[in-house]
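Visitor: model the following, please.
(one chain, ligands or ions: 1)
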Amino acid sequence: CAGGGNTAGGGGGDDKVITVGFAQTGSESGWRSANTESMKEAFSEANGFNLIFNAADNKPEAQIAAVRSFINQGVDAIVLAPIVTDGWDDVLKEAKDANIPVILEDRTVSAPEDLYASWVGLDFKKEGETAGKWVADNFGKTPTNLVVLEGTTGSSAATDRAAGFDEAIKGTDIKVLDSQTGNFTRAEGKTVMEGFLQKYGSTINVLFAHNDDMGLGALDAIKAAGLKPGTDIKIVTIDAVKDGMTALADGEFNYIVECNPLLGDKVAEVVKKVVAGESVDKSYIVEDQAFDQEQAKAALPDRKY
Ligand code: AHR
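Guide: As a prediction, the model looks like this:
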């Protein structure tokens, strides 16, 4: 294995340095930056790792190529934050044939479970449900027009959040006027919201954005249309990164469901166990919470990301 024979520089005793290839999605959002930082910190040399990092600019083919290149380099383990759910079977089989364990972080894949060792991530469906329940509880009894900014099409984060949200608003007076992808980015969140506003104007009552960044992009579009975000259009998002929490504390957002990006330590622990041949669970779900405006004001000073 690459890195074999060396010892960890951080007092790791007999532990061998573990070479890990990490295939990140890209750098689409504040959440993603915090996740990358958490992973780089946890997979540091001091912790006994040699990290090979790749960010695929949210292009699934580039991410598959990165995983293939990790296999060719003979890394000890591969960590994958899959951009989309489908299309992984072949390359995961190649990793298995090469005896290289794959650990998923953040999002999931549709490939058979025996093709990866473990997954560390979040309950995206529950996040969507929590957001939908807040909308249903606050607006479900009067006719309400809602628009949705979806995450990357085909990603488990977008698919599962949509499923959870739709379930929670079922049977209420909420009408979904439109739902389009903004690819989890501020720029596309703004552009798609501009389109919604041109089409539906001030008939829009509520915006559900699958992440903070798209909601933050939408703020610009809403203000440019002469409307007041948080008042004329209520906004619920997912992530709870600092910029999102600031918008919530300032009254421009109304509710945020957290998606915790600080997965690095848990993923590193799982990788060490897998490489050592110890048994691990098939999945580890990290808990999320949710914030209203008052809770955001209280939480902001200690927010780490
Ligand atoms: O997969 C998690 C999602 O991906 C986050 O909610 C979003 O901000 C990120 O880009």
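
Visitor: how about stretch 173-187 as CSV, C-alpha atoms only?
Guide: Extracted C-alpha coordinates of stretch 173-187, given in CSV (Å, rounded to 0.1, in the frame of the first residue of the first chain):
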residue,chain,number,x,y,z
ASP,A,173,-53.4,24.4,2.2
ILE,A,174,-49.9,24.9,0.8
LYS,A,175,-49.6,25.0,-3.0
VAL,A,176,-46.2,24.4,-4.6
LEU,A,177,-46.1,26.9,-7.4
ASP,A,178,-42.7,25.8,-8.7
SER,A,179,-39.6,23.8,-7.8
GLN,A,180,-36.3,24.0,-9.7
THR,A,181,-32.7,23.2,-9.0
GLY,A,182,-30.2,25.9,-7.9
ASN,A,183,-27.4,23.3,-7.6
PHE,A,184,-26.7,24.3,-4.0
THR,A,185,-25.0,27.5,-5.0
ARG,A,186,-25.7,31.2,-4.2
ALA,A,187,-25.4,32.3,-7.8
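
Visitor: closest residue of the stretch 201-305 of the chain to the ligand?
Guide: residue 211 (3.5 Å; C-beta to the nearest ligand atom). For glycine as for every other residue, the C-beta is placed from the backbone atoms N, C-alpha and C.

Visitor: run the chain-centre distance for the one helix or strand residue 50 maps to.
Guide: Per DSSP states H and E, residue 50 falls inside strand 49-55. The chain centre lies 19 Å from the centre of strand 49-55; the measure is C-alpha atoms, centre = their mean, to the nearest Å.

Visitor: what bridges to residue 285?
Guide: Judged by DSSP bridges, the bridge partners of residue 285 are residue 121.

Visitor: the next helix or strand after the strand holding residue 50 - contacts with which helices or strands?
Guide: Per DSSP H and E, the first helix or strand lying C-terminal to strand 49-55 is helix 60-73. Secondary-structure packing of helix 60-73 (3 or more C-beta pairs under 8 Å, 6 or more residues apart in numbering; DSSP states H and E): strand 18-24, strand 49-55, strand 77-80, helix 89-97.

Visitor: out of those, the one nearest the ligand is which?
Guide: Among those, strand 18-24 sits nearest to the ligand (C-beta to the nearest ligand atom), with 10.3 Å.

Visitor: per-residue pLDDT of residue 3, please?
Guide: pLDDT for residue 3: 36.

Visitor: can you check the one 3 residues further on too?
Guide: Here, the pLDDT recorded for residue 6 equals 39.

Visitor: swap in residue 302?
Guide: We note a pLDDT of 92 for residue 302 in this prediction.

Visitor: can you list contacts of stretch 267-287?
Guide: Stretch 267-287 is touched from outside by 18, 20, 39, 42-43, 47-49, 76-77, 79, 101, 103, 105, 113, 117-123, 260, 262-263, 266, with contacts defined as C-beta atoms under 8 Å, 6 or more residues apart in numbering.

Visitor: now do the strands in the stretch 101-250 of the chain.
Guide: Ranges of strands within the stretch 101-250 of the chain are 102-106, 118-121, 144-150, 174-181, 206-209, 234-239, based on DSSP state E, counting those that start in this stretch.

Visitor: okay if I get those as CSV plus mean neighbour count?
Guide: Below are those laid out as CSV (neighbours: other C-beta atoms under 10 Å):
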stretch, mean neighbour count
strand 102-106, 25
strand 118-121, 23
strand 144-150, 23
strand 174-181, 16
strand 206-209, 26
strand 234-239, 27
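
Visitor: residues from this structure in reach of the ligand?
Guide: The interface of the chain toward the ligand, taken as C-beta under 6 Å from any ligand atom, is made up of 28-29, 31-32, 106-107, 157, 184, 211, 213, 238-239, 259.

Visitor: next, residue 282: phi, psi?
Guide: phi -70, psi -30 (degrees, to the nearest 10).

Visitor: picking up where we left off before, return the member of the residues of the chain next to the ligand nearest to residue 163.
Guide: Using C-beta to C-beta, residue 157 is the member of the residues of the chain next to the ligand that lies nearest residue 163, at 11.3 Å.
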